[in-house]
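Engineer: Below are the sequence and a predicted model; questions follow.
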Amino acid sequence: MTGGVANRRGRLVLAMLVLLVLALAVLSVGIGRVSVPPDRVLAILLSKVFPILPDWRAADELIVLNVRLPRICAAMMIGAALAAAGAAYQNLFRNPIVSPDILGVSAGAGFGASMGVILNLGALGIQAAAFVMGLFGVVLCFSIAQAINRYSLIVLILVGVVIAAFFQAMISILKIVADPIDVLPVITFWLLGGLNKITPGDLPVTAAVIAASLTLLYALRWQINVMSVGEEEARNLGVNVGLIRILLVLTATLMTAAAVSISGIVGWVGLVVPHMARILVGPSFERMLPVAIVSGALFVLLVDDFARAASSMELPLGIVTSVIGAPLFIILLLRTRVAWS
């Protein structure tokens with residue numbers, strides 16, 4: 001497939017995915033214990049832009065704007081952030097089984113949130129603690145790896161595994177000493193991941209961090225694409241490999257920490273979705289990144305809808321992504337049957 005044909009196919013796939021996400025978002029706002037028809041959802045949303053006379057109940061508008069819409073926006077942001085971070089890491093490490101939590105950000109965020117729950121910091125304090133400790137985990141990982149061998153990506157991955165294991169052990173200690181009646185259930189459900197606690201106030205800061213990180217990652221798409229074929233070749237083409245590596249890790253970490261801080265630990269998105277995008281438009285990072293971003297938003301929206309509608313009691317998002325993501329990943333591997341490159 002020539003570059004022009006591949007680019008046209010990539011734009012077509014991206015346009016179709018964007019339309020699918022927008023349609024699903026409208027449908028998703030209506031899903032819940034109180035069902036709201038899609039036409040009414042659309043009318044309520046458009047009434048904030050155009051002078052439309054309301055012919056719906058005030059309760060429907062409250063549900064759509066204050067409860068469902070923040071959750072849908074959060075689902076799309078989290079999916080986009082985790083998928084983009086996974087795509088970036090897989091290209092950086094040239095490894096198909098790398099995911100956004102490979103450097104310990106999710107485990108660090110989980111430890112921070114657990115500490116926030118034990119210290120009774122409140123919702124905002126728990127999110128801040130999760131975000132800060134997620135960043136700290138990656139900084140610690142990067143610092144140790146630099147001290148051992150600053151040029152080895154394998155060392156960075158191994159240190160990330162160790163850091164993640166350490167924070168998981170610390171989380172286990174906190175769960176043992178936590179009050180089993182009031183505190184332990186909160187920690188447990190936070191670690192399982194979910195969007196049922198999302199409020200409109202959770203979105204602005206998270207959206208700003210994710211948007212800025214995605215913008216920087218997209219701006220670096222050419223350099224990242226070149227680095228995927230080898231660091232020596234990238235240096236020969238004038239790419240500052242060390243700087244790009246640091247910026248890539250920084251943006252992916254910021255996105256992941258921001259997402260995890262409001263949703264808890266949601267696995268498999270950053271591992272599975274980049275493979276789906278790669279199948280759709282090929283391995284070129286320039287084409288694959290936008291498709292991965294939109295596909296991630298679509299994937300988490302679908303999973304969250306299933307988590308809400310599957311039973312009378314809402315299922316934790318992290319559990320559902322694992323149940324769906326694991327067999328889907330096997331299907332993708334069987335679908336390709338070739339070595340990843």
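Structural biologist: On my side now, so go ahead.
Engineer: low-scoring pLDDT stretches of this structure, where are they?
Structural biologist: Counting by pLDDT under 70, the chain has low-confidence residues at 1-3, 336-341.
Engineer: Stretch 87-105: end-to-end distance?
Structural biologist: Taking CA to CA, to the nearest Å, the span from the opening residue of stretch 87-105 to its closing residue is 16 Å.
Engineer: By neighbour count, which bits of it are buried? Give me those.
Structural biologist: For stretch 87-105, the neighbour count (16 or more other CB atoms under 10 Å) marks 87-93, 96, 98-105 as buried. In short, each C-beta sits where N, CA and C put it, glycine included.
Engineer: Tell me the one of those nearest Asp39?
Structural biologist: Compare each of those with Asp39 using CB to CB and the shortest gap goes to Ala87, at 35.8 Å.
Engineer: The closest one reaches Ala292, doesn't it?
Structural biologist: Yes - taking CB atoms under 8 Å as the definition, Ala87 is a contact partner of Ala292 at 4.4 Å.
Engineer: where do the contact lists of these two overlap?
Structural biologist: Taking CB atoms under 8 Å, 6 or more residues apart in numbering as the criterion, Ala87 and Ala292 both touch 273-274, 277.
Engineer: any chance of the residues you listed in TSV, with distance to Ala257 too?
Structural biologist: Supplementary listing: these in TSV, determined by distance: CB to CB, whole Å:
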residue	distance to Ala257
Val273	18
Pro274	19
Ala277	22
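Engineer: Those residues in strands, which ones?
Structural biologist: Within those, no residue falls in strands by DSSP state E.
Engineer: Of those residues, which is the most crowded?
Structural biologist: In terms of neighbour count, Pro274 stands highest of the shared contacts of Ala87 and Ala292 at 31 neighbours, by other CB atoms under 10 Å.
Engineer: Next, the contact list for that residue, please.
Structural biologist: When contacts are counted by CB under 8 Å, 6+ apart, Pro274 touches 83, 86-87, 90, 288, 292.
Engineer: Identify those among those that sit within strands.
Structural biologist: Cross-referencing the contacts of Pro274 against strands under DSSP E gives no overlap.
Engineer: any chance you could map the helices in the stretch 1-150 of the chain?
Structural biologist: Listed in chain order, the helices found in the stretch 1-150 of the chain under DSSP state H, counting those that start in this stretch are 3-29, 38-46, 58-62, 69-93, 105-118, 122-149.
Engineer: ranges for the helices of the stretch 151-300 of the chain?
Structural biologist: Counting by DSSP H, counting those that start in this stretch, the stretch 151-300 of the chain has helices at residues 153-177, 184-192, 203-219, 221-227, 231-236, 241-263, 269-281, 285-309.
Engineer: Now do the buried residues in the first one.
Structural biologist: For helix 153-177, burial by neighbour count (16+ other CB under 10 Å) applies to 153, 155-157, 159-160, 163-164, 166-168, 170-171, 174-175.
Engineer: Also the second one?
Structural biologist: In terms of neighbour count (16+ other CB under 10 Å), helix 184-192 has its buried residues at 184, 186-187, 189-192.
Engineer: Tabulate those (a markdown table), appending distance to Leu121.
Structural biologist: Converted to a markdown table, the buried residues of helix 184-192 look like this (distance: CB to CB, whole Å):
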| residue | distance to Leu121 |
| --- | --- |
| Leu184 | 16 |
| Val186 | 12 |
| Ile187 | 13 |
| Phe189 | 16 |
| Trp190 | 12 |
| Leu191 | 16 |
| Leu192 | 20 |
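Engineer: Name the nearest of these relative to Arg8.
Structural biologist: Using CB to CB, the shortest approach to Arg8 within the buried residues of helix 184-192 belongs to Leu192, at 42.0 Å.
Engineer: how many neighbours does the closest residue to that closest one other than its chain neighbours have?
Structural biologist: Using CB to CB, 6 or more residues apart in numbering and skipping residues adjacent in sequence, the residue nearest Leu192 is Pro316, 3.6 Å away. For Pro316, the neighbour count with other CB under 10 Å is 21.
Engineer: same check, this time on the one 4 residues further on
Structural biologist: If you count neighbours by other CB under 10 Å, Val320 ends up with 25.
Engineer: do Met288 as well
Structural biologist: Counted with other CB under 10 Å, Met288 comes out at 25.
Engineer: Does it touch Ala277 like I think?
Structural biologist: Yes - when contacts are counted by CB under 8 Å, Met288 is listed as touching Ala277 (4.9 Å).
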